[in-house]
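Student: Got a sequence here, can you model it:
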Amino acid sequence: MIEKLYKYSTTDEKAVEKIIMDENINYIHMVFNKNEGLPEHYSNSNVYMTVLRGVLSIGLNDQEIHEYKKGDILQIPFNTKMKVNNLHDDVLELIVVKAPAPSNYKQN
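Tutor: So this is what the prediction gives:
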């Protein structure tokens, strides 16, 4: 078999699943219910967030919270302060890709 198969959960329960964590990328699946999210932190690589369902409420650096819905893809630069939350009733599901992998990130 040439390909390698990965799976992620299909739950509505809170989840932060590190699916692929190699030298090329970090591929993370996240599920958050209302009022759940991530602690405030700084991006450690270029971050790409794909909203699979629900509404993402995200504050970046010092700007006000912006909201994104299913089908939206965000690109967030390295070293950006992030506050990721679900402020809505519907379940929020995201795919987060960090590229290059933080262990290989070289700042210009």
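Student: Contact partners for His29?
Tutor: 8-9, 15-17, 19, 93-96 (CB atoms under 8 Å, 6 or more residues apart in numbering). The way it works is simple: take the backbone N, C-alpha and C, and place the C-beta from them, glycine included.
Student: Ok, Leu94 next?
Tutor: Applying CB under 8 Å, 6+ apart to Leu94 gives the contacts 29-32, 49-52, 56, 84.
Student: For Pro102, state which of those residues is nearest.
Tutor: Taking CB to CB as the measure, Pro102 lies nearest Met49 of these, at 15.3 Å.
Student: Assumed that closest one was part of a strand.
Tutor: Yes. Assignment of Met49 by DSSP: H, G, I helix; E, B strand; the rest coil places it within a strand.
Student: Number the residues from 51 up from this point.
Tutor: Taking 51 as the first residue, the last one we looked at is Met99.
Student: Confirm for me that it is in contact with Ile123.
Tutor: Yes. Using CB atoms under 8 Å, Met99 is in contact with Ile123, at 6.9 Å.
Student: List the beta-bridge partners for the residue nearest the centre of the chain.
Tutor: Nearest to the mean C-alpha position of the chain, by CA atoms, centre = their mean, lies Val146 at 3.3 Å. Beta bridges link Val146 to Ile78, Met99 when assigned by DSSP bridges.
Student: Tell me which of the contacts of His79 fall in helices.
Tutor: Assigned to helices by DSSP state H, none of the contacts of His79 qualify.
Student: Give me the buried subset of those.
Tutor: Buried subset of the contacts of His79 (neighbour count, 16 or more other CB atoms under 10 Å): 143-146.
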